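In: quick one, structure for this:
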Amino acid sequence: MEDEAVEGHPRIYPGDQVIEPAVDGSVVARAPRAAWRRESALLIALAIAGAVAEYPLALAIKSLEVEGLWHAIPFLGLTFVLASLVPVALRINGGLGLPGAPLIAAKIAGDKIHFSIRSLARISIGYAIVAAAAGAGVLVIVIVLLVFIARGGAGVSLPKPPMLTVAPGRIAIVGALVAIAAAVSEEIQFRLVLYAIFGWIARLISRDSSGYPGRRALWIVTIAQGYLFGIIHLLPVGGALFHSTSKFLIGGLVMPQTWEGVVFGRLYLRRGLEASMLAHAAMDVALFGLAAIGVLRSHLGAG
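Out: A predicted model of the protein is given here:
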């Protein structure tokens, strides 16, 4: 699925080359300040727009209730905080050799793009399948445990998701829009920004002979940002399911989003932000499509 390379070094794969390599083989210089500002502004706008658009769309397919909008305010606040750190993250990425958003950066800087869209899409879809399998595996384990607990009379009930009452067409179409908005916003926040911050910390603790974070440190960073990705998704329901901080933190380990975030983080490290966005969106669009098919079949069966 991926070529061999040394993580932590500023390099793009030959099939996905975005910038014409220097004649002498030297590393391309840091982008001019004006290009850096334009890239920062674009990524900030995308992160905020994606988060703001996600909530009304989620209401339309009942994956979010009206009262849940009040609980969404802190998450919007977090989005603004992380989005404001995009310029810092781009600077850190340059120093650590992390990929950032290579295609966007090349386009804004006016560099000639040399990459295979087909190759990038194929690899992203492959990672989307891996992420979906990882999330589904964790979800199956959790559901099985909840069923056993419920049968044991522990008072745990498995409520029917309100989204299952929505028309299948709306689930598919609006769900796809939710998936794209979430993928763009969340990948900028968690992969671009948090990966840079954790990578900077990892560099202070562990670095290889070239001064970049070592392979082991980058794996820790990948898992850490994925874990926080899961924790953020657990927060809306965490209070009802877990009654102590320790149980809540352990609960983050059994969130499907945690392990999906690890897969997306790995893809980001190897191919850049655009690839992780595409994989994230593809996975979520497919999941909404499957949900729509499931609802349609239930309606046909009931009829």
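In: isn't residue 227 right up against residue 251?
Out: No: using CB atoms under 8 Å, residue 227 is not in contact with residue 251; the gap is 11.1 Å. Every C-beta, even on glycine, is put in place using the N, C-alpha and C of the backbone.
In: other SSEs contacting the strand or helix carrying residue 123?
Out: Using DSSP states H and E, the element containing residue 123 is helix 117-151. Where contact means 3 or more CB pairs under 8 Å, 6 or more residues apart in numbering; DSSP states H and E, helix 117-151 is packed against helix 256-271, helix 273-302.
In: average pLDDT across the longest one?
Out: Per-region confidence: helix 273-302 scores 87 on mean pLDDT.
In: dump the residue contacts of the nearest residue to residue 121 once chain neighbours are set aside.
Out: What sits nearest to residue 121 in space, not counting adjacent residues and going by CB to CB, 6 or more residues apart in numbering, is residue 278, at 6.6 Å. Residue 278 is in contact with 120, 121, 124, 125, 128, 183, counting by CB atoms under 8 Å, 6 or more residues apart in numbering.
In: could you report the pLDDT at the first one?
Out: Going back to what we said before, that points to residue 120. The model reports residue 120 with a pLDDT of 89.
In: wait, it sits on residue 276?
Out: No: at 11.0 Å, residue 120 and residue 276 do not qualify as touching, with contact defined as CB under 8 Å.
In: who's more crowded, the two?
Out: Neighbour count, other CB atoms under 10 Å: between residue 120 and residue 276, residue 276 has more, with 33 against 20.
In: now that one: how far from residue 112?
Out: Using CB to CB, to the nearest Å, residue 276 is found at 24 Å from residue 112.
In: then residue 48?
Out: 30 Å.
In: neighbour count for the two, which is higher?
Out: residue 48 (18 against 9).
In: so that one makes contact with residue 83?
Out: Yes: counting by CB under 8 Å, residue 48 does reach residue 83; the two are 5.4 Å apart.
In: which parts of the helix or strand of the chain with the lowest mean pLDDT are buried?
Out: Ranking every helix and strand in the chain by mean pLDDT, DSSP states H and E puts helix 245-251 at the bottom, with a mean of 81. Buried residues in helix 245-251, counted by 16 or more other CB atoms under 10 Å: 248, 251.
In: what is it packed up against?
Out: helix 215-241.
In: pLDDT of the helix it packs on, averaged?
Out: Taken as a whole, helix 215-241 has an average pLDDT of 85.
In: what is that helix packed up against?
Out: Partner elements for helix 215-241 (3+ CB pairs under 8 Å, 6+ apart): helix 68-84, helix 195-205, helix 245-251, helix 256-271.
In: looking at those helices, which is buried most?
Out: Most buried of the helices and strands packed on helix 215-241 by mean neighbour count (mean count of other CB atoms under 10 Å) is helix 256-271; its value is a mean of 25.
In: so it versus helix 215-241, what angle?
Out: Angle of helix 256-271 versus helix 215-241, following axes from the mean of the first three to the mean of the last three CA atoms, to 10 degrees, is 160 degrees.
In: what's the angle from helix 256-271 to helix 117-151?
Out: Going by the same axes, to 10 degrees, helix 256-271 makes 160 degrees with helix 117-151.
In: and helix 256-271, C-alpha only, in CSV?
Out: Only the C-alpha atoms of helix 256-271 are listed here, as CSV (Å, rounded to 0.1, in the frame of the first residue of the first chain):
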residue,chain,number,x,y,z
PRO,A,256,-13.7,3.5,16.6
GLN,A,257,-12.5,7.0,15.8
THR,A,258,-9.4,6.5,17.8
TRP,A,259,-8.1,3.7,15.5
GLU,A,260,-9.5,5.4,12.4
GLY,A,261,-7.5,8.5,13.5
VAL,A,262,-4.3,6.3,13.8
VAL,A,263,-4.8,5.1,10.2
PHE,A,264,-5.4,8.6,8.9
GLY,A,265,-2.4,9.9,10.8
ARG,A,266,-0.3,7.2,9.2
LEU,A,267,-1.5,8.2,5.8
TYR,A,268,-0.9,11.9,6.6
LEU,A,269,2.6,11.2,7.5
ARG,A,270,3.3,9.2,4.4
ARG,A,271,1.3,11.2,1.8
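In: cool, thanks, talk later.
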